[in-house]
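**Q** Requesting a structural model of the entry that follows:
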Amino acid sequence: YQQPLIWFPAESCLTPSVLKRFRIYSLTHLKIEKLLRTLDYFNQSPSLVLRQRSSLHNLYGVTDVAGVVLVVSLQLVGSLNDLTDNRVLYIILNSNDNGLVHLVADNLTCTGLSQISLFHNHSFRCHLVCLGSQNSLNSCNILANLFDSAIEAAGIVSEHGQLSVSSSGFVVDKNQSVFQIQGISTHNLAWYPEYVNVDTFRKLRDEFNINTIRLAMYTAEDGGYCVSDDTARQQMLACLTSGIEAAIQLDMYVIVDWHILSDSNPNLYKETALSFFERIASTYGDKPNILYEICNEPNGDTSWDEIKSYSVDVIDRIRMYAPQSIVIVGTPTWSQDVDIASSSPIERTNLLYSLHFYAATHKEDLQSKMQTALTNGLPVFVSEFGITEASGNGIVDTTSADTWMKLLNENGIGYIYWNLSNKDEACALL
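**A** All right, here's what the predicted structure looks like:
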C-alpha cells in the first residue's frame with residue numbers, strides 16, 4: 001500500500017489539510033487521460049471489471065471525460081482477492097459524483113475494515129482522481145479521510161495482533177507466525193521532541209518499511225526523567241504519550257524505553273521506574289501495540305544478578321496491568337553480555353533480552369556472545385544498533401553491518417536502529 005495520490009485540475013483546489021497528508025499533482029483532464037494511456041492501464045489489469053462509458057453514466061453520472069477511464073470500486077471488483085500485486089484502484093470524482101462517493105463510502109464504513117486490510121496484502125494502490133468542481137473536491141477530501149483512517153486502522157498491528165515470545169525463542173504474532181520487529185528509535189525525548197509525531201512516523205512506516213517505533217525516555221542525563229523537576233517530567237510524559245498515540249493511530253508497534261545509561265545500575269531509580277511503568281501499563285495495558293523496555297544499557301560494574309532483581313519487580317508491576325505484553329530486559333556491559341544472561345534467565349515468560357551493537361566496533365566477539373545465547377535458548381532482541389563506532393561517530397562500516405544483518409535475519413531476530421534525530425553525529429538519521 002502507498003499513500004493515496006489525489007490529482008486536481010488546478011492548484012486553487014489544494015487545501016492545507018490535503019497538502020499535509022498527500023503528494024499532490026495538478027493535472028488537466030487531458031493529462032490524466034494521457035497518463036493512463038501511458039501506463040497502458042487496461043493491459044496491466046485484465047482482471048478488473050471494465051464498465052463502459054454508457055454504464056458509467058447511467059450508474060453514477062460520470063461525464064464523458066471520466067468515461068474513458070477504468071473506474072473501479074470495491075463492489076465493482078467484487079472481491080479484493082481478485083487483485084494481484086501492484087494493481088491500482090482509481091476512484092474518479094467529478095461534479096456529478098454523488099452515487100460513486102456513496103458507493104465507496106458505504107463499502108469503507110459498512111463492509112469495511114476487514115476488506116480494506118487486504119490493501120496491505122496486495123500492495124494495493126488507491127488513486128483518488130478529482131475532476132472539476134468544488135463539490136468534487138469536497139467529496140475527494142471525504143474519501144481521502146475515509147481511506148486514510150480505514151487503511152491505517154487495518155495495518156500492521158491489526159494484521160498481527162498481540163506479539164508474544166514462543167518457547168523456541170522467536171517473537172510470534174497472534175497466529176503464532178514468526179514476526180520480525182524492524183524499527184527505529186528516537187533519541188532522548190527531552191532533546192528531540194520535534195520528531196515525535198504522526199507525520200514523521202508515517203513516513204518512516206511507509207518509506208522505510210518499519211513496523212515499530214522505540215521511544216527513548218532518558219533517565220539520568222541532562223533533561224532525564226529521574227533528575228528533572230515535575231514540570232519537565234510532565235513535558236516528557238506528554239511527548240511520550242504523543243508518540244504512543246501516534247504509533248497506535250498508525251497501527252504500529254511501539255517500545256517504551258526506560259533509557260538507563262549514565263546511571264549504570266537500574267536499581268538506582270527503581271522506585272521511579274516502578275511508578276513510571278505502572279502509569280504507562282495502567283493506561284495502555286489493553287493495547288497490543290505496546291512493548292516495555294525496562295533498562296536500556298546497564299553498565300559499569302552492574303551484575304546480571306542486580307539486573308535480574310530489578311527486572312523481576314518491574315516485570316511483575318507491568319504484568320498487573322498488561323499481562324500479555326512483551327518485556328525487554330537489558331543485559332550487562334551496555335547490553336552485550338547476553339551469554340551471561342542465557343546461563344541464568346529470568347523466571348518469567350514473554351521476555352526478550354537486549355543485545356546492542358555498533359557495527360564498526362562490535363564484530364566477531366559480540367557475534368559469538370549472541371550465538372552462545374541463542375544456543376542456550378535465550379530470546380535475543382537487538383533493541384538498539386548502529387553502523388558506526390560505538391561512540392555514535394567515526395566510520396560507517398557497511399561491511400560489518402551487512403554481516404550483522406545477515407545473522408539477524410537468518411535467526412529471525414528483530415532490531416531497532418539508533419537514532420531519529422539531527423544530532424551532529426554519524427549515527428543520526430537526519
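
**Q** so I156 makes contact with I248?
**A** No - look at I156 against I248 with C-beta atoms under 8 Å: they stay out of range, at 11.1 Å. (Each C-beta comes from the backbone N, C-alpha and C, glycine too.)

**Q** who has more neighbours, these two?
**A** I156 (21 against 18; other C-beta atoms under 10 Å).

**Q** Which stretches in the stretch 201-350 of the chain count as helices?
**A** With DSSP state H, counting those that start in this stretch as the criterion, the stretch 201-350 of the chain has helices at 230-249, 270-284, 304-319, 332-335, 338-342.

**Q** residues in contact with the fourth one?
**A** By C-beta atoms under 8 Å, 6 or more residues apart in numbering, the surrounding residues in contact with helix 332-335 are 296-299, 302-304, 307, 340-341, 354-356, 383-384, 390.

**Q** how about 6 Å then?
**A** With contacts defined as C-beta atoms under 6 Å, 6 or more residues apart in numbering, helix 332-335 is touched by E297, P298, N299, W304, S354, H356.

**Q** Tell me the most packed of these, by neighbour count.
**A** Highest neighbour count within these: P298, with 29 neighbours (other C-beta under 10 Å).

**Q** Tell me which residues touch that one, please.
**A** If you count contacts by C-beta under 6 Å, 6+ apart, then P298 has I260, P266, I307, G330, P332 around it.

**Q** Look at G183 and give its secondary structure.
**A** When classified by DSSP: H, G, I helix; E, B strand; the rest coil, G183 comes out as strand.

**Q** Show the contacting residues for it.
**A** Neighbouring residues of G183 by C-beta under 6 Å, 6+ apart: I210, T212, I213, R214, I416.

**Q** again with G300
**A** S264.

**Q** next one: phi and psi at it?
**A** Torsion angles at G300 (phi, psi; degrees, to the nearest 10) stand at phi 70, psi -140.

**Q** Tell me how far it lies from I328.
**A** 20 Å (C-beta to C-beta, to the nearest Å).

**Q** Next: A238.
**A** Distance from A238 to I328, by C-beta to C-beta: 23 Å.

**Q** Please say which of these two ends up with more neighbours.
**A** Set A238 next to I328 and count neighbours by other C-beta under 10 Å: I328 wins out with 26 against 13.

**Q** where in the stretch 51-200 of the chain is pLDDT low?
**A** Applying pLDDT under 70 to the stretch 51-200 of the chain flags residues 51-154.

**Q** V196 contacts G243, doesn't it?
**A** Yes - taking contacts as C-beta atoms under 6 Å, V196 lies within contact range of G243: 4.4 Å.

**Q** the more surrounded of these two?
**A** Regarding V196 and G243, a neighbour count based on other C-beta under 10 Å identifies G243 as having more, with 26 against 22.

**Q** Quick one: residues contacting the more buried one.
**A** By C-beta under 6 Å, 6+ apart, the neighbours of G243 are V196, L215.

**Q** Could you do F385 as well?
**A** F385 neighbours (C-beta under 6 Å, 6+ apart): F357, Y415.

**Q** Brilliant, that's me finished.
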